[in-house]
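*Asks:* model this:
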Amino acid sequence: MTEDLKEATPIGRLLGAFGETLAWVYRWNSMEISLLWLSDMPVPESMVFAPQPGCDRATRDDVVGLPRALRADDDKD
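*Replies:* Numbers count the residues shown, from 1 in each chain. Predicted coordinates:
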């Protein structure tokens, strides 16, 4: 991540199979995406990105791929 992260905007949520909020998705001023993971469950196979109204800069693949990539990095350790 870059060091010039100053402000994050919530752009949507990751929802589980039953519509529960698993994580809030934020976009930083540097355009990087981060997650505030709320669930105590591991990353599920099926997630839905629910964008905030007016959010058009992050795609579903950008957002849903992030926790899967993080999980894959953990598996390497």
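*Asks:* ranges for the helices of this protein?
*Replies:* 60-76 (DSSP state H).
*Asks:* how about low-confidence regions in it?
*Replies:* 1-3, 5, 54-66, 68-77 (pLDDT under 70).
*Asks:* try 50 this time
*Replies:* Applying pLDDT under 50 to the chain flags the ranges 1.
*Asks:* touching, Val43 and Ala23? I think so.
*Replies:* No. With contacts counted by Cβ atoms under 8 Å, Val43 stays clear of Ala23, the gap being 9.2 Å. C-betas here are computed from N, CA, C, even on glycine.
*Asks:* shared neighbours of these two, anything?
*Replies:* Pro67 (Cβ atoms under 8 Å, 6 or more residues apart in numbering).
*Asks:* apart from its neighbours in sequence, what residue is nearest Ala50?
*Replies:* In space, and not counting its chain neighbours, Ala50 is closest to Arg13: 4.9 Å by Cβ to Cβ, 6 or more residues apart in numbering.
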